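Colleague: give the three-dimensional model of this entry:
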Amino acid sequence: MTKLKWGMIGGGEGSQIGPAHRLGSSVDGLFEFTAGALDHRPEEGREYGQRLGLAADRSYGDWREMLAGETAREDRVDLVTVATPNSTHFEITKAFLENGFHVLCEKPMTMTLEEGVEIVKISEATGKICAVNYGYSGYSLVRHMKAMIARGDIGKVRLVNAEFAHGHHADAADADNPRVRWRYDPAQAGVSAQFADCGIHAMHMASFVTGQELTNLSADCVSCIDSRVLEDDAMVSFRMDGGAVGRLWTSSIAIGRQHGLGIQVFGETGGLRWSQEQPNQLYYMPLNERLQVIERGEANLSPEADRTSRVTIGHAEGMPLAFANIYTDLAEAISAQKAGRPMDPAADLYPRAADGLRSMAAVFAVAESGKADGAWVDARPEMFK
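Modeller: Got it, this is the predicted structure:
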């Protein structure tokens, strides 16, 4: 298969997320890094892009220059990743979709529900893919967990327990650290801090593995560090459209916790447990039987797990390879669209614009419920009610 052409906006030198995307897009040889506007400082961005191997005429100073340059080319990029500050996601994603590019946008997809609805509608109208990087859904055993639940291995899902709690913002002395401060500033972060940053990963994971969508929720949000306007800890109870109930804890002040993303799903005939810090094991407890440890890469897993495992059993696969699985999904989706054929159903798992919109609805619902002392609120976007 001819390599697809890939471009990136943001993710410049020193970026936390840029290297994970560049590694993930290149692992399977499906994408060629062809174009980029990597820094808000035009000259630094151009220079860094060329150091990474971009041609001088495709290492752009900003996203508008990239949009104009790539739109004019016959060999334009097939997929654009948007890895810029949150407040710019909507404008950039909208512009590239409207000009005929497929887009992978970092979360959150937008800052408002109205923007989210517009992106969903543009993606539908143009026929262009808008994916959202809930990259942890790319882990092989997360996908096997989803397959097990879908085929009924644990029966009807009763309860979901999801967490994304770390302690890296627990030091009150960091109140004026610019890398931390903006996250708790409504002018820069919006209506939510910790839930919008980390909690929505856990919420998306709950929907992804169960195949159920969020309907309503009740949230207890607190700012444990007094100087913060937005929450640094939240406990959310929620209900799902397939009958499951859920509990979600997210925190940035949980000292001793490192990454802290994990999920447990309990059904009528069994339970499943997975943690991002130990991603090679999925724990399965059938009712009235012994605990089983499912290892990534072992024989007789689901097609969804098999196609997303590259490294021999017993060796670790980490976040960049989870991101790589999102990129392999997108490569299959783009290639299938080009060829006019159905895509491989085992690859049809990348998060869509609709998932990004549902996440933003959850963010606003958590903020509303938190201000109302935990009142239950509808967490669905209007267009999905």
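
Colleague: what's the neighbour count on G12?
Modeller: If you count neighbours by other C-beta atoms under 10 Å, G12 ends up with 21. Heads up, the C-betas are built off the backbone N, CA and C, glycines and all.

Colleague: now do the contacts for it.
Modeller: With contacts defined as C-beta atoms under 8 Å, 6 or more residues apart in numbering, G12 is in contact with 18, 38-39, 44-45, 48.

Colleague: may I see the buried residues of the top helix by length along the chain?
Modeller: Selection of the longest helix in the chain by residue count, based on DSSP state H, yields helix 319-339. Within helix 319-339, the residues scored as buried using 16 or more other C-beta atoms under 10 Å are 319-335.

Colleague: what is it packed up against?
Modeller: strand 4-10, helix 18-26, strand 102-105, strand 130-132 (3 or more C-beta pairs under 8 Å, 6 or more residues apart in numbering; DSSP states H and E).

Colleague: now that helix against strand 4-10, angle please.
Modeller: Inter-element angle recorded for helix 319-339 and strand 4-10: 130 degrees (by axes from the mean of the first three to the mean of the last three C-alpha atoms, to 10 degrees).

Colleague: what about helix 319-339, average pLDDT?
Modeller: Rounded to a whole number, the mean pLDDT of helix 319-339 is 96.

Colleague: right, and the helix or strand after that helix?
Modeller: helix 353-371 (DSSP states H and E).

Colleague: what distance do you get for T2 to H21?
Modeller: Applying C-beta to C-beta, to the nearest Å, the value for T2 to H21 is 21 Å.

Colleague: shaky segments in this structure?
Modeller: 1 (pLDDT under 70).

Colleague: does G211 touch G152 like I think?
Modeller: No. Judged on C-beta atoms under 8 Å, G211 makes no contact with G152 at a distance of 11.5 Å.

Colleague: using JSON lines, lay out the helices and strands packed on helix 319-339 together with distance to R296 and mean neighbour count.
Modeller: Converted to JSON lines, these look like this (distance: least, C-beta to C-beta, whole Å; neighbours: other C-beta atoms under 10 Å):
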{"stretch": "strand 4-10", "distance to R296": "26", "mean neighbour count": "25"}
{"stretch": "helix 18-26", "distance to R296": "17", "mean neighbour count": "21"}
{"stretch": "strand 102-105", "distance to R296": "24", "mean neighbour count": "26"}
{"stretch": "strand 130-132", "distance to R296": "23", "mean neighbour count": "27"}
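
Colleague: and of these, who's closest to H166?
Modeller: helix 18-26 (17.1 Å; C-beta to C-beta).

Colleague: tell me which residue lies nearest the centroid of the protein.
Modeller: In the chain, the C-alpha nearest the mean C-alpha coordinate belongs to Y134, at 1.2 Å (C-alpha atoms, centre = their mean).

Colleague: wait, that residue touches P108, no?
Modeller: No. Y134 lies out of contact with P108 (C-beta under 8 Å); the separation is 10.4 Å.

Colleague: common neighbours of the two, please.
Modeller: Joint contacts of Y134 and P108 (C-beta under 8 Å, 6+ apart) are S359.

Colleague: strands of the chain, start to end?
Modeller: 4-10, 31-37, 79-83, 102-105, 130-132, 157-165, 214-222, 233-240, 245-251, 261-267, 270-275, 278-286, 292-295, 377-378 (DSSP state E).
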